[in-house]
Each structure stands twice: as structure tokens, then as C-alpha cells.
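1. take a look and give me a structure for this.
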Amino acid sequence: MFDTLSDRLDGVFKKLRSRGKLHPKQVDNALADIRTALLEADVAVEVADDLLARVRTRAVSEEVTKSLTPAQQVVKIMDEELTVTLGGEFHPFTVGGASPAVIMLAGVQGSGKTTACAKLAKHLKGKGKRPLLIAADLERPAAVEQLRTLGKEIGVPVWSEGRDPVRLAKNGVKEAQRSGADVVIIDTAGRLHVDPDMMKQARKIKDVTKPQHVVMACDAMTGQDAVIQARAFMDDVDTTGFILTKLDGDARGGAALSMTAVTGRPIFFAGTGEKLDDLEPFHPDRMAGRILGMGDVLTLIEKAQDKVDQETAAKTAEQLLKGQFTLEDFLTQLREMRKLGPIQDIMKMLPGMPGGKAGMKELAEAVDEGELSRAEAIILSMTLQERREPAIISGSRRLRIANGSGATTADVNALLKDFEGARTMMRTMMGGKGMKGMKMPTKLPTR
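-> Here you go, the predicted structure:
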């Protein structure tokens, strides 16, 4: 997510930190480099210039230039102003009032609109709502069938009766009233680009269904094109906000940084993966932290609370406190951790990793999903007693475990060695010594 932009900004701030006092010329040079990075990320020119003008005004003030840590002050200012550009305050997505509450999703083909409908339905269902999906995109072949498939996967009914999209949408709202659904999500037609026919149909559907929200799905990988599309919808249909899709792809950042600043409408959600639960509420301050390489612990905590079994986590914590953490516990935690997503994405949310941003990247690359799968296979090849008492694993047992998991005895040895090292570290931490002065292991017990 925004890796190229983050790396460029990290390089600029490293230069600033290498200096003592900062003079206006040095600040201007740094801001010029940041401007180049923003424009290369396809941020709208007016948005980049406005952001940097605000940063410069604050960065050349006496409070910063006379500070003992001026570079850190500049980073702090950049973080705050970047948050403002991304929308400032968090805007929670709320539905209510009329029953059913109607949500209309718009967007061009290829923006991930239909998938975004299903993701939003699953999100609202998790909040206790009873959603109904309406398949009113009759322009794209297989769009209706795709929504039916997604609806079946998440256990949400799909209305698709009719050949006229406007009448279909209107009747779908009536079906929601009849069936007791309290939220309706309408998947409207998209085309390869914004055109008059698309807008005319969207306006008609809006007129007959009277949606509480008109949400536009925008592809984060399209940069300023997404902003152009958003402006067109604002002029013809008016939107209440956006879902930014495909942030897990090669997103340069232009759409995210420009969308709210240009339209004045908030980004409600960010699509961060292909799975139907990969939809995160968009927090401008947290996104700014990710772009600046500061991590995003709050989102990671929320993910853990939502996806990790709390009873299992409490039991593991108790085992750690007692110094009784076993390979069986490790297997359980490995599976729970993988619910949060790829290990690389998890590590990017952690600030202050040893070695800074470069060290975090190196560690994330060293532990890939293949190693985690190999570790799981090795542990599953052990008996219950072996998982609970690794000390009994002799040479012959290691050979049996290796053969059973498709690994080598060297892989088994490495896993046991790294696990013991990690367990020793955990015992030290739980014993009250903390992490001060400790050398972090270069490998995790996954190989």
C-alpha cells in the first residue's frame, strides 16, 4: 500500500534528520522533493501544492527552526496536514432512519464496484443489519450472476427480477420492505468510462429509490482518473462518499490523497484485499501514518478484536504468563494470526521495528507465507505429546516428522531451535525484564 510513495518520503525525512538546525532553504529543498514524490504518485497538482504550502507555513516558524528536533517537528507537521488532506476527521458510515435504508453504489467498470457491494453487505451484516442486494447492473455481462454468487457466499439475499434497471431497483426496495430487510444495497451499471447514458440511468435510479447514501467505488490504482470520475458523478448524481478499492494493489496514492480534497466528500471505506471481509473503515489519521511509515496499530487491534478468538487469545496469554507456551499453542496462534492477513501487511502496521522502515521490510520479506505453511505442516506431523514436550523429539522422531510434512530434518531442527529461542524471549519479557537491551531474533520459528 503506497510503498513507492512511502519510500520516497522516508528518504526525504532521513536527509532532514541528518541535519541539526533547519533553515528555510533546507525546508524548501525537502518540500520540493516531497512535491516530486506526490506528483509521481499521481496526486492532483492543486492538492499537492495546497498541502505543501500549509506544511511550509508551519515548518519555517520559530517553534520549529529553534527546536532541538526540527526534523521530527516537520514530520509531525506533515502527518497532521496529510491527515487534513485525506479528510481530517473520521466519518463513520451510518445507515438508519427509513426502513429499509437505501444505499446506491456507482462506479465505472473495473473499479471493483460489484465486489464492493458484497463487502459492504457483509460489513453491515456484521453490525447486526439485515441487508438485501439488488443486482441492477444489467450492462456488464455476468454482473448479476457475480452478485448472486457473492450474496450466497455471505448469506445475503439478492434481488434480480426484471430487465429494466430502474424498475428492477424500485421493485427491489419493495421486496426489502416485504421481506423485512432493513438495508438495501443497489449495484448500478458501470461502463468503461463516464458517459451520458450511465449518468441518466443513475439519476433515474436515485429518483425512484431515494437513497440515503450514493457511494462511488473508485479504483485506487487509477490515480487522477478516479478523481475525474468522482467529479463527474458529483456534478450529475452527487455522492455522499467513496469506497476506495484495490489498495492492496500497486496503488500510487493519488486517488486517496486527492479524492476528498477535490470533492469535499469523505472516503468511507478502503478495500484492502480480495476477500469479502477485506474492507476497512477509512481513518484519515491512520492512513497518513501508513503513508509516512508510522504503522497503524489501532487498525491492527481492531482487526484482532474482530477476527481472533478472544477466548483462545486469553488462554494463550495465561500460558505465556505461566511459562508453559508449547508448539501446540504456537500452532493455534499461527492460525489465528493468519486470519489477520498476509504477514507482510501485519508488519507494516507495526511502528518502531528494529532497523526502522528498512528493517521492517527486510523482516517481512524474510518470513513469507510459504514458511508459515511449512511450519504448520511440520507441527501437524508431530504427536500431541511432541507438541507439548519438544524436548522428547529425538533424531528418529525428527526424521519421521520431516517425512510426514514433506520437509527436511534441517527444517525441523530450525523450527525447534527458533521456537525455543522465541519461547526464551517470551519468558524473559513475561518475567518483567521487558525488551530493553534485548537483541531481536533475526528469524521467526517458521522454517
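
2. longest helix in the chain, by number of residues?
-> helix 409-428 (DSSP state H).

3. starting at the chain centroid, how far to it?
-> Chain-centre distance of helix 409-428: 31 Å, with CA atoms, centre = their mean, to the nearest Å.

4. for the residue most central in space within the chain, give its distance to residue 14.
-> Closest to where the C-alpha atoms of the chain average out (CA atoms, centre = their mean) is residue 272, at 4.1 Å. Using CB to CB, to the nearest Å, we find residue 272 at a distance of 27 Å from residue 14. Using the backbone N, CA and C atoms, a C-beta is placed for each residue, glycine as well.

5. after the worst-scoring helix or strand of the chain on mean pLDDT, which helix or strand is next?
-> Lowest by mean pLDDT, DSSP states H and E among the helices and strands of the chain is helix 356-366, with a mean of 52. For helix 356-366, the following helix or strand on the C-terminal side (DSSP states H and E) is helix 369-380.

6. could you list the domains of this protein?
-> The record's domain split for the chain, according to automatic domain parsing, is 3-85, 101-284, 301-433.

7. for residue 291, find the nearest of those domains.
-> domain 3-85 (5.7 Å; CB to CB).

8. all the helices of the stretch 201-350 of the chain, residue numbers only.
-> 224-236, 254-263, 284-291, 297-307, 310-322, 327-338, 343-348 (DSSP state H, counting those that start in this stretch).

9. so for the fifth one, mean pLDDT?
-> Model confidence over helix 310-322 averages 61 on the pLDDT scale.

10. quick one: contacts for residue 402?
-> Residue 402 makes contacts with 378, 381, 408, 409, 411, 412, as judged by CB atoms under 8 Å, 6 or more residues apart in numbering.

11. among those, which ones are buried?
-> Buried subset of these (neighbour count, 16 or more other CB atoms under 10 Å): 378, 381, 411, 412.

12. CSV for the residues you listed, including distance to residue 284 and pLDDT?
-> Below are the buried ones among the contacts of residue 402 laid out as CSV (distance: CB to CB, whole Å; pLDDT from 0 to 100):
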residue, distance to residue 284, pLDDT
378, 43, 92
381, 47, 92
411, 44, 91
412, 47, 91
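
13. between those, which sits nearest residue 7?
-> residue 411 (32.9 Å).

14. which ones are touching residue 33?
-> Taking CB under 8 Å, 6+ apart as the test, what residue 33 contacts is 8, 11, 12.

15. could you redo the last one with a cut-off of 10 Å?
-> 8, 9, 11, 12, 13, 15, 16 (CB atoms under 10 Å, 6 or more residues apart in numbering).

16. let's see which of these end up in helices.
-> Per DSSP H, helices hold the following members of the contacts of residue 33: 8, 9, 11, 12, 13, 15, 16.

17. the strands in this structure, which residues?
-> Per DSSP state E, the chain carries strands over the ranges 101-106, 131-135, 158-159, 183-187, 213-219, 241-245, 267-271, 279-281.

18. nearest to residue 85, of those strands?
-> strand 267-271 (11.6 Å).

19. quick check: can you name the pairing partners of that closest one and their directions?
-> strand 241-245 (parallel), strand 279-281 (antiparallel) (DSSP bridges).

20. tell me what angle the longest helix of the chain forms with helix 369-380.
-> Angle, helix 409-428 to helix 369-380, by axes from the mean of the first three to the mean of the last three CA atoms, to 10 degrees: 90 degrees.

21. so which elements touch helix 409-428?
-> For helix 409-428, the packing partners by 3 or more CB pairs under 10 Å, 6 or more residues apart in numbering; DSSP states H and E come out as helix 310-322, helix 327-338, helix 369-380, helix 395-405.

22. and those helices, which one averages the lowest pLDDT?
-> helix 310-322 (a mean of 61).

23. what about the nearest residue in space to residue 132 that is not next to it in sequence, distance to residue 85?
-> Leaving out its chain neighbours, the residue that sits closest to residue 132 by CB to CB, 6 or more residues apart in numbering is residue 181, at 3.8 Å. Separation of residue 181 from residue 85 (CB to CB) stands at 37 Å.

24. quick check: the residue lying farthest from the centre of the chain vs residue 402, distance?
-> Residue distances from the centre of the chain (CA atoms, centre = their mean) peak at residue 396, which lies 44.8 Å from the mean C-alpha position. In this view, residue 396 and residue 402 are 11 Å apart by CB to CB.

25. just residue 164 next, same as before
-> Counting by CB to CB, the gap from residue 164 to residue 402 is 64 Å.

26. can you pull the pLDDT of the closest residue to residue 170 other than its chain neighbours?
-> Among residues not flanking residue 170 along the chain, residue 208 sits closest, at 4.5 Å (CB to CB, 6+ apart). pLDDT, residue 208: 93.

27. name all residues that make contact with residue 208.
-> Residue 208 neighbours (CB under 10 Å, 6+ apart): 166, 167, 169, 170, 171, 173.
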